[in-house]
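# Following is a predicted model, sequence given first.
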Amino acid sequence: MNVKTDTLPTLGQQLLQEGRDLLAAGNRTAAAQVLVRARDERDVVLAAHAIIEQHDLVGSFQNVMGLNCSISDQDDIFGFFRGHHSSRNPLRDYLADGWRTLSELMLLLEAVNRPLLHTASVLEFASGHGRFTRHLVKALGPERVVVSDVVPSAVEFSRQTFGVQGFLSASAPESLQWPRQYDLVFVLSLFSHLPRSTWGRWLKALYGAVAPGGLLVFSTHGHKAARFDNVTLDAEGFFFAPSSESHAIDVHEYGTTFTAPEFVLARIAEVVGAEHLAHQADTHFWNHQDAYVLRKP
């Protein structure tokens, strides 16, 4: 007798269903134990995680971190962690990564005497599905945070899940109309994905979103990242490859970019003026991406 194994439920699926049944029967303790086991199975990790968080079961990350730990099933960054060979616990790694970004941003702002907690309004641009947003909301509250992304589901998820304001970005920077200006515009790992044709144009547009006296903070793949990936920069200090972890954006619009500090500083001088560079820190974010802080008079 031949059994079609492709129709049999996986271990994760079995555990997930058992957890649901126990929860429906009112046995929260047993359900939590089973669903935590299901959460270790990559094929059902998000489904099990969602049930644990939704029902506030023992083992929920919300109880540990004190913030909303819901994760969209369309989140490409979580997908990156789930698929990466080095990530033994993609949920923990994903959530901890956002917390690490918050601490690194706060240290960067302290270096220019502009504490995050004293910042009245923050635009998180290219925000994705909230990997960092959830931590920013814990620090500032949703009323001070605005998100923007070119992926509609990302903006909607953050609005519905974290209670922030949000608006859709655009492929062409010149077509984007800012609802207002912000005291801090934070752009993590967008310039590490832009082709040469839009790199300087996005720098100009995003600087325009900064309120007078405010800051633009952005990151890039610099020399360390280029060495790590065996990338050779061109004479200007630039390299672009049409490839990224995103499945929602065209790779020619959003690929993988490496830029030497000389390239970045030249674009800053051309677009906004070198005198507006307030701070520069090599390998500041994730010990991998360089950071730049521009101040608007």
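Looks like it arrived, so ask away.

# hey, where'd the helices end up in the stretch 1-150 of the chain?
Here the stretch 1-150 of the chain has its helices, by DSSP state H, counting those that start in this stretch, at 11-24, 28-38, 45-54, 61-65, 76-83, 90-111, 133-140.

# Can you read off the pLDDT for the residue nearest the centre of the chain?
Nearest residue to the geometric centre of the chain (C-alpha atoms, centre = their mean): residue 131, 4.5 Å. pLDDT, residue 131: 98.

# wait, isn't it in contact with residue 80?
No - Residue 131 is beyond contact range of residue 80, at 10.0 Å (criterion: C-beta atoms under 8 Å). All C-beta atoms are positioned from the backbone trio N, CA, C, and that covers glycine.

# if we can go back for a sec, got a list of what the residue nearest to the centre of the chain touches?
75, 77, 78, 94, 97, 98, 101 (C-beta atoms under 8 Å, 6 or more residues apart in numbering).

# Swap in 10 Å and give it another go.
Going by C-beta atoms under 10 Å, 6 or more residues apart in numbering, residue 131 touches 71-72, 75-78, 81, 94-95, 97-99, 101, 188.

# Alpha carbons of stretch 55-75, in PDB - could you do that?
This file holds the C-alpha atoms of stretch 55-75, laid out as PDB (Å, rounded to 0.1, in the frame of the first residue of the first chain):
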ATOM      1  CA  HIS A  55      -4.500  34.800  23.600                       C
ATOM      2  CA  ASP A  56      -1.700  36.100  25.900                       C
ATOM      3  CA  LEU A  57      -0.600  32.500  26.700                       C
ATOM      4  CA  VAL A  58       2.400  31.600  28.700                       C
ATOM      5  CA  GLY A  59       5.400  32.000  26.500                       C
ATOM      6  CA  SER A  60       4.200  35.100  24.700                       C
ATOM      7  CA  PHE A  61       6.900  37.600  23.700                       C
ATOM      8  CA  GLN A  62       4.500  40.400  24.700                       C
ATOM      9  CA  ASN A  63       4.700  39.400  28.300                       C
ATOM     10  CA  VAL A  64       8.500  39.500  28.100                       C
ATOM     11  CA  MET A  65       9.000  42.600  26.100                       C
ATOM     12  CA  GLY A  66       6.000  44.700  27.100                       C
ATOM     13  CA  LEU A  67       5.100  45.700  23.500                       C
ATOM     14  CA  ASN A  68       2.900  44.500  20.700                       C
ATOM     15  CA  CYS A  69       4.800  41.500  19.100                       C
ATOM     16  CA  SER A  70       2.400  40.700  16.300                       C
ATOM     17  CA  ILE A  71       4.200  40.000  13.000                       C
ATOM     18  CA  SER A  72       2.700  40.200   9.500                       C
ATOM     19  CA  ASP A  73       2.900  37.100   7.400                       C
ATOM     20  CA  GLN A  74       4.100  39.400   4.600                       C
ATOM     21  CA  ASP A  75       7.100  40.700   6.500                       C
END
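
# re the thing from before, return the closest of the contacts of residue 131 with respect to residue 259.
Checking those against residue 259 with C-beta to C-beta, the nearest one is residue 188 at 15.0 Å.
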